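Asker: give me a 3D structure for the following:
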Amino acid sequence: MPAVTAVAHPNLALVKYWGQRDLVRQLPLNDSISVNLSGATTTTTVQFDATLDEDEFELDGARPTEKASTRVSAHLEQIRALAGITAYARVWSHNSFPTGIGIASSASGFAALTLAGTRAAGLALDSRALSSLARLGSGSACRSIPHGFAEWRAGTGEESYAVQLAPPEHWDLQIVTVYFDPQPKAISSLEGHRAAPSSPFFEARLQQLGDTLATVRRAVLERDFSTLGMAVEREAISLHLIAMSSRVAEQPQLSGIYYWQPQTLALIHAVQRWRAEGLEVYFTLDAGPAVHLLCEAQNRAALLEAVGALLPTLGGRLLVSTPGMGARVVEEGEGEI
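Answerer: Residues are numbered from 1 along each chain as shown. Okay, here's the model as predicted:
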C-alpha cells in the first residue's frame, strides 16, 4: 500500500479544556478555542504493510516509549477498523520542536497521524470526520485539523469535533513561545485531566467558561486584541489554578500539579511590566512551563527585543509563529518515504 506523509501544527488553546466527560473517547467538559502555531510542525509518514507482524513506530529517529507506541497502535486500530483492513503499519514521525514540554506535540502528532493514516488506508474523510477521529488519539488533536483559528464543540461521540472559526489570514497575530527545559513534563496532560475534578475550584471555572468563550470568540472575529489578550491571560491562570489544587491519585505525595518553572513566573512578571511601559503583550500557558506571548504585528520587533534581553538569564529558547494551516498531505508514493 502507498506511503502517505502529512504535516500538522500544534495548536495553542486560547480558551482551554481541562477535565473530560469521557476519558476513553476523549470527550471534554467544555468547548474550547485555539490557533495553530505556524512555527512548529509534526511530519508523519504512514505505510500499511501486510508482511509486518506488528506496528512499527519511530519518533525523531528513535524508538519511543512503550506507552507512546501503544497509543499510536491503538489509534491505527481505529483507522484499520474504519478502512476494513488488518495490515500493520510503519510510522515515521518527526517534531520540529521538543516533545512533551507544553507545546501540544500530541495534538500535532495525532492530527498528522490521523490524516496520513486514513489516506494510506485508502480513506478520504472530510474535515469533521478527521477531527472527530483525531480526538480519539489526543483530545486537542481535533483542533489541529482545521486551518487557522478553531473551535472545538464538546458534544458527545462523533458530535465532538473542531470547526474553523477564522482562516489563518484573518489576523496577523504574532505568537512568541518561550520554552525552557526540553525534558518531558513529569505529569502528563492526560493525568492532569483525570485529576482536574478533584480541585475545589473546578466547578467554578466551568460556570464562567460560557462567558469566556463568548468573549474570546467575538475578540477573534473582530480582531479586538486588547479584549482577547486579557481574556486568554486570565483563562490560562484559571487552568493552572485547577492544576495546582488537584490531587493526583497515583501520586498522593503531591499537593498539586505544578507545571511552572521559576522562568515561567519571571516571564509572567515581565509581561505585566512591559504592558505598564506601553508594550501591549499578553501571555497564555498550556499544561507545561512554556510561555506563549501574544502581540500584534506592529509590536513583534519590540517584543522580540524585550524577550531577547531576558533569554541569557532565563536560559530559554524561542519559537515564533503566526496563525498556521491545518493538517495536510504533503506527499504520497508507492515506496518508503
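
Asker: C-alpha only now, for contacts and for neighbours.
Answerer: Noted.

Asker: what are the contacting residues of stretch 250-258?
Answerer: With CA atoms under 8 Å, 6 or more residues apart in numbering as the test, stretch 250-258 has contacts from 187, 192, 240, 243-248.

Asker: ugh, wrong one, I meant stretch 301-312
Answerer: So stretch 301-312 is contacted by 176, 279, 281, 295, 317 (CA under 8 Å, 6+ apart).

Asker: hmm, 10 Å instead?
Answerer: 174, 176, 178, 180, 263, 266-267, 270-271, 274, 279-281, 293-297, 300, 314, 316-318, 320 (CA atoms under 10 Å, 6 or more residues apart in numbering).

Asker: dump it to CSV, restricted to CA.
Answerer: Output of stretch 301-312 as CSV, limited to C-alpha atoms (Å, rounded to 0.1, in the frame of the first residue of the first chain):
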residue,chain,number,x,y,z
ALA,A,301,10.1,43.6,16.8
ALA,A,302,9.8,45.3,20.2
LEU,A,303,8.6,42.1,21.8
LEU,A,304,11.4,40.0,20.4
GLU,A,305,13.9,42.6,21.6
ALA,A,306,12.4,42.6,25.1
VAL,A,307,12.4,38.8,25.3
GLY,A,308,15.8,38.6,23.8
ALA,A,309,17.2,40.7,26.6
LEU,A,310,15.9,38.2,29.1
LEU,A,311,17.0,35.0,27.4
PRO,A,312,20.6,34.9,28.7
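
Asker: now the strands for the stretch 1-150 of the chain?
Answerer: Ranges of strands in the stretch 1-150 of the chain, per DSSP state E, counting those that start in this stretch, are 3-8, 11-15, 20-22, 27-28, 32-36, 42-49, 56-59, 88-95, 149-153.

Asker: same question for the stretch 151-300 of the chain.
Answerer: Using DSSP E, counting those that start in this stretch, strands in the stretch 151-300 of the chain cover 161-166, 173-179, 282-284, 291-296.

Asker: and these as JSON lines, adding mean neighbour count?
Answerer: Output for the strands of the stretch 151-300 of the chain, formatted as JSON lines (neighbours: other CA atoms under 10 Å):
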{"stretch": "strand 161-166", "mean neighbour count": "23"}
{"stretch": "strand 173-179", "mean neighbour count": "23"}
{"stretch": "strand 282-284", "mean neighbour count": "24"}
{"stretch": "strand 291-296", "mean neighbour count": "23"}
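
Asker: mean pLDDT and distance to residue 51 for those strands - can I get that in TSV?
Answerer: Shown next, in TSV, are the strands of the stretch 151-300 of the chain (pLDDT from 0 to 100; distance: least, CA to CA, whole Å):
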stretch	mean pLDDT	distance to residue 51
strand 161-166	97	34
strand 173-179	96	42
strand 282-284	98	47
strand 291-296	97	45
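
Asker: of all these, which one comes closest to residue 38?
Answerer: Among the strands of the stretch 151-300 of the chain, strand 173-179 comes nearest to residue 38, with 9.2 Å by CA to CA.

Asker: quick one: strands adjacent to the closest one?
Answerer: Within its sheet, strand 173-179 is paired with strand 291-296 (antiparallel), strand 317-321 (antiparallel), according to DSSP bridges.

Asker: could those go into JSON lines alongside distance to residue 258?
Answerer: As requested, the strands paired with strand 173-179 are exported to JSON lines (distance: least, CA to CA, whole Å):
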{"stretch": "strand 291-296", "distance to residue 258": "14"}
{"stretch": "strand 317-321", "distance to residue 258": "21"}
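
Asker: for those, which one sits closest to residue 118?
Answerer: Evaluated over the strands paired with strand 173-179, closeness to residue 118 peaks at strand 317-321, with 27.9 Å, by CA to CA.

Asker: and that closest one with strand 32-36, angle?
Answerer: 100 degrees (axes from the mean of the first three to the mean of the last three CA atoms, to 10 degrees).

Asker: chain center to strand 317-321: distance?
Answerer: Here strand 317-321 is found 15 Å from its chain centre; the criterion is CA atoms, centre = their mean, to the nearest Å.

Asker: past it, which element shows up next along the chain?
Answerer: Moving toward the C-terminus from strand 317-321, the next helix or strand (DSSP states H and E) is strand 328-333.

Asker: do you know the pLDDT at the residue of the chain most remote from its centre?
Answerer: When distances to the mean C-alpha position of the chain are computed (CA atoms, centre = their mean), the maximum falls on residue 51, with 34.2 Å. pLDDT, residue 51: 97.

Asker: go on, the one 3 residues further on?
Answerer: Turning to residue 54, the model gives it a pLDDT of 96.

Asker: number of nearby residues for the residue nearest to residue 87 when sequence neighbours are not counted?
Answerer: Using CA to CA, 6 or more residues apart in numbering and skipping residues adjacent in sequence, the residue nearest residue 87 is residue 50, 4.7 Å away. When counting by other CA atoms under 10 Å, one arrives at 13 neighbours for residue 50.

Asker: who's in contact with residue 50?
Answerer: Residue 50 neighbours (CA under 10 Å, 6+ apart): 1, 85-89.

Asker: returning to what we had before: could the strands of the stretch 151-300 of the chain go into CSV alongside distance to residue 220?
Answerer: As requested, those are exported to CSV (distance: least, CA to CA, whole Å):
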stretch, distance to residue 220
strand 161-166, 8
strand 173-179, 10
strand 282-284, 15
strand 291-296, 12
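
Asker: and of those strands, who's closest to residue 16?
Answerer: Minimum separation from residue 16 across those (CA to CA) falls at strand 282-284, 10.1 Å.

Asker: much appreciated, bye for now.
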